[in-house]
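# 3D model of this:
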Amino acid sequence: MSGCRPPLLLTLVHASAALLAAVCLATTLWTGLDERGTALAFGVLVTVGELSRWTGAQVREAAPLGAAGALSYALLGADAGEPTQHGVAQVVTVVLAAALLGSVPHIARGQRGTLDHLARRVLTVGFAAVCFQPLYNQGTVSGWVGPAHALLLLALLALTALCDAVLAAALAHSRTRWPFGPLLQDELRALLGIGSAVCATGAVMALAVAVVGLWALPVFSLPLLLTQMSFRRYAAVRATYRQTIACLARATEIAGYTPAGHARRVAALGQAVGRDLGLTEPELTVLEYAALMHDIGQLSLVDPVPAGATAGLPVQEQRRIALLGGAVVRQTGVNAQVAMVVERQADPWREQPVAARVVRAVNAYEEKARDAGPGGPLTALEELRLATADEYAPEVVEALARVLSRDCLTLPLAG
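Okay, the predicted model is just below:
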C-alpha cells in the first residue's frame, strides 16, 4: 500500500546521509587516518556526548556535547599551533563512527528517532567540514588570525545551525505532515537556547585546541555539560507542572462529572488539530493545558450533566460553566492565557481565539462520537460541519477531519 511507504523527503534525506557516509568511509579507508590522536580525542568526545543524550527528550538538540564536539572537529584548523591535515572525509567518518558507538545503548532501548538524529549529524557536520576544510588545507584562510578567524568560525556555525534547523523541520514535516512553517519557526526559536550554546562551544573548542592542544577539550566541555544539566532540570520542572495540571483535570473524572480519559483525549486530539492549523509550540502548550482543564467548571454544578456532555446544553449554561472553570484555573496559578481559553470556549466562534475554537470543536466531536456507535466519527463530523455557521469554526472542523483521516481514526472524507 502507498500509505505504508516512507515519505519521499524522508527517504531522500536518509539516502543522502548514507551516500555521504559511504563515500567518506571509503575515502578514509583508502587514504588512511591522519593525526590519529586528534581523531581519537574528538571521537571520544562525540561518543560521550551521544551517550549522555536526553533519552526520550522532545528537544531540538538531544546531544549538545556531541554536536559541539563534531562541529569543532569539522572546523579544526590547527592543533597546538601545528596545522592539521585531516579533510572532509575523515571528519565525517570519525563523527559517524563515534555517533554510532554512542547510539548503541539508545538503539538497544528501542529509542525512536535515532536514524533521523544520525542523518542530521552526518549532513550538518559534512556541510561544516566542506565549508571550512578545503579552504584551510589550500591555505586560503591561513592569513585569517585573531578576530577574523573567530568571526569566520562563528559565521560558518551560524550557517550550519540554520541548515540543520531547516533539515530538522523538513524531517518533522515529512513524518507528521504538520505545516512546515510553524515547525521551522519552532526550530529557529530553539536556536536561541541550547543551539546558541552548542555553536559557541564548538567555536571556542576549535580555537582553543588550535592554541593549547587537546587539553582544551575537557576544559571547555564542562560549561556545556552544566548547561545541559540546567536544561534537564527545566524540562523536569515542566514535566512536573504538566503532570500537576493533568491530575487537577482528573478531578472531574474522579467526581463522576465526566467520563474517564475524556480530558486526555480532547487534549491529544486538540494538539493534533492545532499543529495542522499551524500553531507554534507555546500556543500548543496553552491549547493542551486548556483542553485538559476545559471541564473543570462542572465541579460547581449541583447536578452533574449526563456523561459530562456540555455540547448539548443551552448556550447560557455552557458559558456559565466556562466562566466558572476559568475562575478555578486562575486560582491554580496557571498561565492566564489558559484561563482565558477555558472561559471563552463557549463564546461565538468568531469572537474566540484559535485555541478556544479548537477546544470547543474537539470537545463536541469527542462527546458526539463517543456514544454514536460504529459510525460515530463520521456522524459527529457531519454534525459539526452542519453547525459551522454559528457554533464551530469551519477551518477547525476541516483541520479535525484531516487529522482524523490522516491518523486512520475515520474513513477519508470526500470534498
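
# Wait, Phe180 touches Ala169, no?
Yes - with contact defined as CB atoms under 8 Å, Phe180 reaches Ala169; the gap is 6.0 Å. C-betas here are computed from N, CA, C, even on glycine.

# Who has more neighbours out of these two?
The residue with more neighbours, out of Phe180 and Ala169, is Ala169; 21 against 15, by other CB atoms under 10 Å.

# got a pLDDT number for Pro374?
For Pro374, the pLDDT comes out at 64.

# ugh, wrong one, Trp30
Reported pLDDT for Trp30: 94.

# Can you report how many residues lie near it?
8.

# Let me see the backbone angles for it.
Per-residue torsions, Trp30: phi -70, psi -40 (degrees, to the nearest 10).

# Doesn't Gly69 belong to a helix?
Yes - counting by DSSP: H, G, I helix; E, B strand; the rest coil, Gly69 is part of a helix.

# On the pLDDT front, check it for me.
92.

# Kindly report the same for Ala161.
90.

# Which of the helices or strands spans it?
With elements taken from DSSP states H and E, the one containing Ala161 is helix 147-176.

# which residues touch the next helix or strand after that helix?
Per DSSP H and E, the first helix or strand lying C-terminal to helix 147-176 is helix 180-190. If you take CB atoms under 8 Å, 6 or more residues apart in numbering as the criterion, helix 180-190 is touched by 59-61, 162, 165-166, 168-170, 172-173, 275, 278-281.

# can you rerun that using 7 Å?
Under the criterion CB atoms under 7 Å, 6 or more residues apart in numbering, residues 60, 165-166, 168-169, 172-173, 278-281 lie in contact with helix 180-190.

# pLDDT check: weakest of these?
Arg60 (62).

# Need phi/psi at the residue nearest to Pro83 when sequence neighbours are not counted.
Spatially, and ignoring its direct neighbours in sequence, Pro83 is nearest to Gly77 (6.9 Å; CB to CB, 6 or more residues apart in numbering). Main-chain dihedrals, Gly77, degrees, to the nearest 10: phi -110, psi -20.

# circling back: of the contacts of helix 180-190, which pair is most distant in space?
Distance extremes for the contacts of helix 180-190: the farthest pair is Val166 and Leu279 at 20.0 Å, using CB to CB.

# Of those two, which one has the most company?
Neighbours per residue (other CB under 10 Å) separate Val166 from Leu279, with Leu279 holding more: 21 against 15.

# and that one, helix, strand or coil?
Leu279 is classified as coil under three-state DSSP.

# Show residues contacting stretch 119-128.
Contacts for stretch 119-128 (CB under 7 Å, 6+ apart): 13-14, 16-17, 20-21, 70-71, 74-75, 88, 91-92, 95-96, 99, 156, 160, 163-164, 167-168.

# So among the residues you listed, which ones count as buried?
13-14, 17, 20-21, 70-71, 74-75, 88, 91-92, 95-96, 99, 156, 160, 164, 167-168 (16 or more other CB atoms under 10 Å).

# mind checking how far Tyr257 is from Leu287?
Relative to Leu287, Tyr257 is positioned 22 Å away (CB to CB, to the nearest Å).

# before we move on, what about Val91?
According to CB to CB, Val91 and Leu287 sit 42 Å apart.

# Then Pro306?
Counting by CB to CB - Pro306 and Leu287 are separated by 27 Å.

# Kindly report the same for Thr38.
In terms of CB to CB, Thr38 sits 49 Å off from Leu287.

# Then Gln298?
Distance check for Gln298 against Leu287: by CB to CB, it reads 20 Å.

# okay, these two: which has more neighbours?
Taking other CB under 10 Å, Gln298 and Leu287 do not tie; Leu287 has more neighbours (28 against 19).

# how about the nearest residue to that one, chain neighbours excluded?
Ala355 (4.4 Å).

# One more: Val44?
Ala98 (7.4 Å).

# Which of the helices or strands spans the one you found?
Counting by DSSP H and E, Ala98 is part of helix 88-108.

# just checking, what packs against that helix?
Counting contacts by 3 or more CB pairs under 7 Å, 6 or more residues apart in numbering; DSSP states H and E, helix 88-108 is packed against helix 8-31, helix 36-51, helix 64-74, helix 114-137.

# who's in contact with that helix?
Outside of helix 88-108, the residues within contact range by CB under 7 Å, 6+ apart are 20-21, 24-25, 27-28, 33-34, 39, 42-43, 46-47, 49-51, 53, 55, 66, 70, 73-74, 114, 118, 121-122, 125-126, 129-130, 133.

# That one versus helix 36-51: what angle between them?
30 degrees (axes from the mean of the first three to the mean of the last three CA atoms, to 10 degrees).
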